[in-house]
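Quick check, what structure comes out for this input:
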Amino acid sequence: MKKGWRKTKDPDLFEQETGELLHQRVRVCIWLGIVLYPLFSLLDYLAAPEHFRLFLFYRGMFSLSCILLLFFHSRGFLRQLSFAVVLIWCTLAALVISLMIIRLGGFSSSYYAGIILVMMICSTVLPLNKRQAAFSMLLLYLSYVIPVYLLTDPSHQDVKLLFNNSFFFASFTAVSIIQCHQETRARKREFLLKMRLDSDLVASYRDFQNARIATILGLAKLAEYRDTDTGNHLERIREYTKVIAGQLSKTPKYSSYITQEYIDDLCLSAVLHDIGKVGIPDAILLKAGKLTREEFETIKLHTVYGGDILKMVESKVKGQSFITLGKEIAYSHHEKWDGTGYPKGLKGEEIPLSTRIVALADVYDALTSRRSYKEAFSHEKTVDIIFQGKGKHFDPDVVDAFMTREKEFKRIRNKMPPGSQRKNPNRIRYESGSQIFEEIHGSDETLLEHISSK
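This is a model prediction of the structure:
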């Protein structure tokens, strides 16, 4: 048992759990005192009618004391001192019974059974260890013996009765200590089992999450590997998305919507934005020369293909999941804030928030990466281009979040640099609205539109 106990590496967790349980059970004991003590006045009425009113007063005062004790204990003043509350409650309970015993003639009174009843409540209701149980039982016994012995004139017969009663007290104390010890051992075993199960569950969940992420990345790579211009594109997109979403979550407008779970799902689903490229013929996707209008219309269909694929997967999954976000992003990552994007020409907040975030991350990565048709733009130039697209290409809130954290984008880019590509001036593919431009050396805005459409 001890060897297994050491494996938890933090037995304080068990002590904390026991302390919380003790805090809850103390309330039960106090409530039992509030309810049971007045009820036992019925016994006083039958066994000691001449003292009924006085005993009722004793019991009433004890119940009032319990109410005050419960008040302070509930307010947290004594939360960290739950065992001290137990001792106070035991002492008050025993002293009230001792006062009655004194009135009834001392050790000859059968009211000492009330003390044993209090012992039984402590040992069965409270999660005490063997030391706490022993101390509580001893305190109850002394709270009975000392007042009665000092405030009465015990005869030789009374002393015999005291020894007789003490035997029962000792026997019950021994049983209580053994019971508390065994219950403590049982709770420790249960705690160890729960800790192991929790650890196994966390490990299984972590393995599942890692497998899920690896599977999603693998699927997304199928589309990425067909286009050799991408490098570490997916990994960077995840990091860029995390930065923007994290910044937006700090703003009043989005703080209640963008949770940590949302950010985790968004970062995972972001890598699926171009999964629809698997449906584009190689002759068009990998074409070195410029695209015809018809070919470009085919390229644009990758948004629909990707969204439809993920929509089918989503139909097999109950409830909201990262697949839902992935579907939104696949469908809409080429939509623009001013409504000039595709495939549906969505405008403003008609575009899902997930998509508005990933769209900026995708464009930043494209602009700062060398492609066969262009050199990589510097971080500073890219920031300027994105800022100029605020309210046109991009959601203003997303741009503001990007501008606040743009230095982190540069750090991520330097940490995971894009793969190098040989420049091919014949590979020309970009668009503005419905037009296809035929010159690679256009304005920054034209190039932005070109990159974002690819």
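
from here on, contacts and neighbour counts on C-alpha atoms
Will do.

Tell me which residues are up against the one helix or strand T91 maps to.
Using DSSP states H and E, T91 falls within helix 82-103. The set of residues external to helix 82-103 that reach it, using C-alpha atoms under 8 Å, 6 or more residues apart in numbering, is 19, 22-23, 26, 30, 33, 55, 58-59, 62, 66, 69, 73, 78, 107, 109, 111-112, 114-115, 118, 136, 139-140, 143-144, 147-148, 151-152.

Please convert the buried members of those into ChimeraX selection syntax.
Of those, the buried ones can be selected in ChimeraX as follows, counting by 16 or more other C-alpha atoms under 10 Å:
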select :19,22,23,26,30,33,55,58,59,62,66,69,73,78,107,109,111,112,114,115,118,136,139,140,143,144,147,148
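
Which of the contacts of helix 82-103 fall within helices?
Residues of the contacts of helix 82-103 located in helices (DSSP state H): 19, 22-23, 26, 30, 33, 55, 58-59, 62, 66, 69, 73, 114-115, 118, 136, 139-140, 143-144, 147-148, 151.

surely N232 meets P417?
Yes: between N232 and P417 there is a contact at 7.2 Å, judged by C-alpha atoms under 8 Å.

and the helix holding T91, which residues are buried?
Buried residues in helix 82-103, counted by 16+ other C-alpha under 10 Å: 82-83, 85-87, 89-103.

just checking, V271 touches N232?
No: using C-alpha under 8 Å, V271 is not in contact with N232, being 11.1 Å away.

So these two - more neighbours on which side?
Ranked by neighbour count (other C-alpha atoms under 10 Å), V271 and N232 place V271 first, with 29 against 16.

From D365, how far out is the closest residue to that one other than its chain neighbours?
Closest residue to V271 apart from its sequence neighbours, by C-alpha to C-alpha, 6 or more residues apart in numbering: L234 at 5.4 Å. L234 is 9 Å from D365, where distance means C-alpha to C-alpha, to the nearest Å.

And these two? Which one has more around it.
More crowded of L234 and D365, by other C-alpha under 10 Å: D365, with 26 against 23.

how close does the more buried one get to R236?
Distance of D365 to R236, given as C-alpha to C-alpha: 7 Å.

Then A330?
As for A330, its distance to R236 is 17 Å (criterion: C-alpha to C-alpha).

What of G307?
22 Å.

Which one of these two is surrounded by more residues?
The neighbour comparison of G307 against R236 (other C-alpha under 10 Å) goes to G307, with 26 against 23.

which parts of the helix or strand hosting the more buried one are buried?
Using DSSP H and E, G307 sits within helix 302-314. Buried residues in helix 302-314, counted by 16+ other C-alpha under 10 Å: H302, T303, V304, Y305, G306, G307, D308, L310, K311, E314.

Could you single out the nearest of the residues you listed to P352?
G307 (13.2 Å; C-alpha to C-alpha).

Would you confirm that that closest one contacts H333?
No: with contacts counted by C-alpha under 8 Å, G307 stays clear of H333, the gap being 10.3 Å.

which residues touch R413?
Here R413 is in contact with R236 (criterion: C-alpha under 8 Å, 6+ apart).

Over to E350?
Here E350 is in contact with no residue (C-alpha under 8 Å, 6+ apart).

just to revisit the earlier point, using just helix, strand and coil, how would you label the residue nearest to V271?
Each residue gets one of three states, and L234 gets helix by DSSP: H, G, I helix; E, B strand; the rest coil.

okay, it: pLDDT?
What the model reports for L234 is a pLDDT of 84.

I'd like the distance between it and R370.
Going from L234 to R370 by C-alpha to C-alpha gives 15 Å.

I'm done for today, thanks for sticking with me.
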